[in-house]
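J.: Here's a sequence, model it:
(3 chains)
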Amino acid sequence: MSEADSNKPDDLVRAVEATLFASEDALTVESLAGHLGDAEPADIRAALRELAAFYEARGIQLVERGKRWHFQTAPDLAHLLRREREQVRRLSRAATEVLAIVAYHEPVSRAEIESIRGVQTSGGTLDVLMEAGWVRIAGRREVPGRPVIYATTPEFLQHFGLTSRRDLPGIDDLRAAGLLDPVDEAYDALVTPDEDVAEESAEETSGDHAA
Amino acid sequence: MSEADSNKPDDLVRAVEATLFASEDALTVESLAGHLGDAEPADIRAALRELAAFYEARGIQLVERGKRWHFQTAPDLAHLLRREREQVRRLSRAATEVLAIVAYHEPVSRAEIESIRGVQTSGGTLDVLMEAGWVRIAGRREVPGRPVIYATTPEFLQHFGLTSRRDLPGIDDLRAAGLLDPVDEAYDALVTPDEDVAEESAEETSGDHAA
Amino acid sequence: MTHDSFMLSEEDAGESEVWIAPASAPTEDKSLYLELDGWEGPLDLLLDLARRQKVDLRSISILALVDQYIAYIERAESLRLEIAADYLVMAAWLAYLKSALLLPKEEQEDASPEELALRLQLRLQRLGAMREAAARLMARDRLGRDVFRRGAPEGLRIDRVNAWQCAWFDLVRAYGQVNARTAPAIHMVRERPVMTLESAISRVSAMLGVALDWMALEDFLPPHADGRLRRSALASSFVAALELARLGKAELAQDEIFGPLRLRRPRA
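T.: The predicted structure is shown next:
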């Protein structure tokens, strides 16, 4: 009640708030600028920061996912909302593994996915992920055979609550440990006389498994 | 940013806020209580009042309609949701020619325009000119088939900075040179007994378009 | 295991949303066999067996792992479970690897068994890393499950309105182009039907000679003249009337401004 007095955001902040609130999709700074007439992107970014901070402790939060912004409910309230609103499709174990491989290795070809999993990937698995809107075809690798390569989408980041791919759980550790490199590269790194490389990668491998 | 510190609502307020936000329908106090476990309706009412006051000046508002509560975009920002964007487009060459013909010869039927241009005119071209607000339907010619006839609008004069159609550059010179007589009309004047057509068209061409 | 049975096992595995690594399942042999269809290929089974050694994947005993795998496959065969070919191929390869590792080291054309073992270990590490990553990914606060977008957004719409532009010069030039394009055709037929002054004078004076009373100017026009010819005839006849009046060969009368113009032979 008394809060309302100290709670008068400026016009641009209100406009950004209302636009994001009304939008069915997450919005980039550019698309916000498009909706808000001649607002400067820098001002919109400032307004977004202000709003994100403002909502931080509330039941609704403003989050950035792959350069797109949207409002969503606070994660700690999931138990209240989850009950009747389970909309998430169940993924098979194969699909979750393939999704992880695409996310951590993108862009990646089907052959590369299969070499990590040691098993053929049925076409249906990638179809399911593309139908869910989490994986897209990102072109072709310019090697013989020009295989199709896959990558994740902005919807993937949105769904899993990632600001960007750098936010993927443990990706820095995995990369540092060389676990995102192909086996051949990792093997060469281990057996070459250049001891530093091997040492470093070995240390970090053992380090992050405790985490 | 510092706002977040003084912006920590209690758990029930946060829960009501998130539930209303995520709900597809407006919710009564009773249905909110149902969602929120064993919350007392009185407490929920207090939370709703607090939220309504809190959001009062923001871009989002909490409103009650027939005992049901929901969030909506602040009414004064409704214009942001339905936005018109002007897109500057150059008139195509065909459309420019048709416009010129209408301007110099009005009122003129599509068949006449085509006979002057020497090519077929798509209906879309006249639509564009009418969408631009420069050409209007001026009635029908009282001849067999009663073809629609077109004329220019006051907006046309405005756009081109003309006081009247007489200001169109060179129209007198062109007419004196006989360049404004469409091929068929000159021929028709020779062979058809229908005097009215020629008379009318001649009169209106030179008539008072200053009006 | 055929392609189809992989599909089936994927469906079955889909029952658990957050996939629980089989490594956490009871290690009892029987349950292991029952889970046969749950493996995503031999590498997956190997990884799970490796996890049972409860050490870092970097320090697993490959020999022990090979024994475990072969024992597993043999038990499955003894229970007459159907085992897909690729599991058997892996078993054969592992048996070869084991023998190579145990035999005294010699010059070999193939890759050394130590290299093969190390590569297998690296593969298991990579698959293990992705398995963990997948589990952590699935356990995040997920949109539509843990966090929710607004339930009934009003939606945004941009209506595009065309603002057409055309410059004055373009308009005039376009008209000039139209005319230039059609000009040759116009020249072909531009000859106009006109009544010359001479013919008007002779026609009017001839008709005056036989007229008895006032006649309207229009009555002197050729009866079949229409359109432009009629306008020309009217103008020429008017000038002819003026000329005849000047010469004293006709009288003109008009009762009011713009009224009908009448004409007769002068009274002698």
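J.: and the residue nearest the centre of chain C, helix, strand or coil?
T.: Nearest to the mean C-alpha position of chain C, counting by Cα atoms, centre = their mean, stands C:R160 at 18.1 Å. When classified by DSSP: H, G, I helix; E, B strand; the rest coil, C:R160 comes out as strand.
J.: any idea of the mean pLDDT in whatever helix or strand A:L51 lives in?
T.: Taking DSSP states H and E as the criterion, A:L51 maps to helix A:41-55. The predicted model assigns helix A:41-55 a mean pLDDT of 95.
J.: Report the buried residues of that helix.
T.: Buried residues in helix A:41-55, counted by 16 or more other Cβ atoms under 10 Å in any protein chain shown: A:D43, A:I44, A:A47, A:L48, A:E50, A:L51, A:A52, A:A53, A:F54, A:Y55. In this view, the C-beta of every residue, glycine as well, is placed from N, C-alpha and C.
J.: when you scan it, is anything in it near chain C?
T.: No. Figure legend: helix A:41-55 not in contact with chain C (Cβ under 8 Å from any Cβ of the partner chain); closest approach 12.8 Å.
J.: now the first helix or strand past that helix going along the chain against helix A:41-55, angle please.
T.: Downstream of helix A:41-55, the first helix or strand assigned by DSSP H and E is strand A:60-65. Orientation check (axes from the mean of the first three to the mean of the last three Cα atoms, to 10 degrees): strand A:60-65 against helix A:41-55 gives 140 degrees.
J.: Now do strand A:60-65: which elements does it pack against?
T.: Secondary-structure packing of strand A:60-65 (3 or more Cβ pairs under 8 Å, 6 or more residues apart in numbering or on different chains; DSSP states H and E): helix A:41-55, strand A:68-73, helix A:154-159, helix B:11-22.
J.: what's residue 45 in contact with, if anything?
T.: Let's take chain A. A:V29 (Cβ atoms under 8 Å, 6 or more residues apart in numbering or on different chains).
J.: that answer is for a different chain, and I need it for chain C
T.: Applying Cβ under 8 Å, 6+ apart to C:L45 gives the contacts C:W39, C:Y69, C:Y72, C:Y87.
J.: quick revisit: for the helices and strands packed on strand A:60-65, give me TSV that also has distance to A:R140.
T.: Listed next are these as TSV, based on distance: least, Cβ to Cβ, whole Å:
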stretch	distance to A:R140
helix A:41-55	34
strand A:68-73	27
helix A:154-159	21
helix B:11-22	41
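J.: so where do the strands sit in the stretch 151-268 of chain C?
T.: With DSSP state E, counting those that start in this stretch applied, the stretch 151-268 of chain C shows strands at C:157-165, C:215-216, C:251-253, C:262-264, listed in chain order.
J.: Neighbouring strands - and their directions - for the second one?
T.: Using DSSP bridges, the strands paired with strand C:215-216 in its sheet are strand C:262-264 (antiparallel).
J.: now the strand it pairs with: mean pLDDT?
T.: Here the average pLDDT along strand C:262-264 is 88.
J.: So which of the strands of the stretch 151-268 of chain C is the most surrounded?
T.: Across the strands of the stretch 151-268 of chain C, the average number of neighbours (mean count of other Cβ atoms under 10 Å in any protein chain shown) peaks for strand C:262-264, which reaches a mean of 19.
J.: Run through who's touching it.
T.: Strand C:262-264 has contacts (Cβ under 8 Å, 6+ apart) with C:204, C:208, C:211, C:213-217, C:220, C:241, C:250-254.
J.: isn't there a strand covering A:I149?
T.: Yes. Applying three-state DSSP, one finds A:I149 inside a strand.
J.: surely it meets A:R136?
T.: No. The pair A:I149 and A:R136 fails to qualify as a contact (Cβ atoms under 8 Å) at a distance of 10.1 Å.
J.: for chain C, what spans make up the helices?
T.: Assigned by DSSP state H, chain C shows helices spanning C:3-13, C:29-34, C:42-52, C:62-78, C:85-102, C:113-138, C:168-188, C:197-210, C:227-246.
J.: Just want the angle from the last one to helix C:197-210.
T.: Relative orientation of helix C:227-246 versus helix C:197-210 (the same axes, to 10 degrees): 60 degrees.
J.: nearest spatial neighbour of the residue nearest the centre of chain A, skipping sequence neighbours?
T.: The residue lying closest to the centre of chain A (Cα atoms, centre = their mean) is A:L157, at 3.0 Å. Take A:L157 and drop its neighbours on the chain: the residue closest to it by Cβ to Cβ, 6 or more residues apart in numbering or on different chains is A:G66, 3.9 Å away.
J.: Just give me the neighbour total for residue 102.
T.: The chain I'm using is chain A. A:V102 has 25 neighbours, counted by other Cβ atoms under 10 Å in any protein chain shown.
J.: you looked at the wrong chain, it should be chain C
T.: By other Cβ under 10 Å, 9 other residues sit near C:L102.
J.: I'd like the contacts of C:L45 laid out as CSV, including pLDDT, neighbour count and distance to A:D25.
T.: Output for those, formatted as CSV (pLDDT from 0 to 100; neighbours: other Cβ atoms under 10 Å in any protein chain shown; distance: Cβ to Cβ, whole Å):
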residue, pLDDT, neighbour count, distance to A:D25
C:W39, 79, 22, 40
C:Y69, 91, 21, 49
C:Y72, 86, 21, 50
C:Y87, 87, 19, 46
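J.: got a pLDDT number for C:D255?
T.: Here, the pLDDT recorded for C:D255 equals 88.
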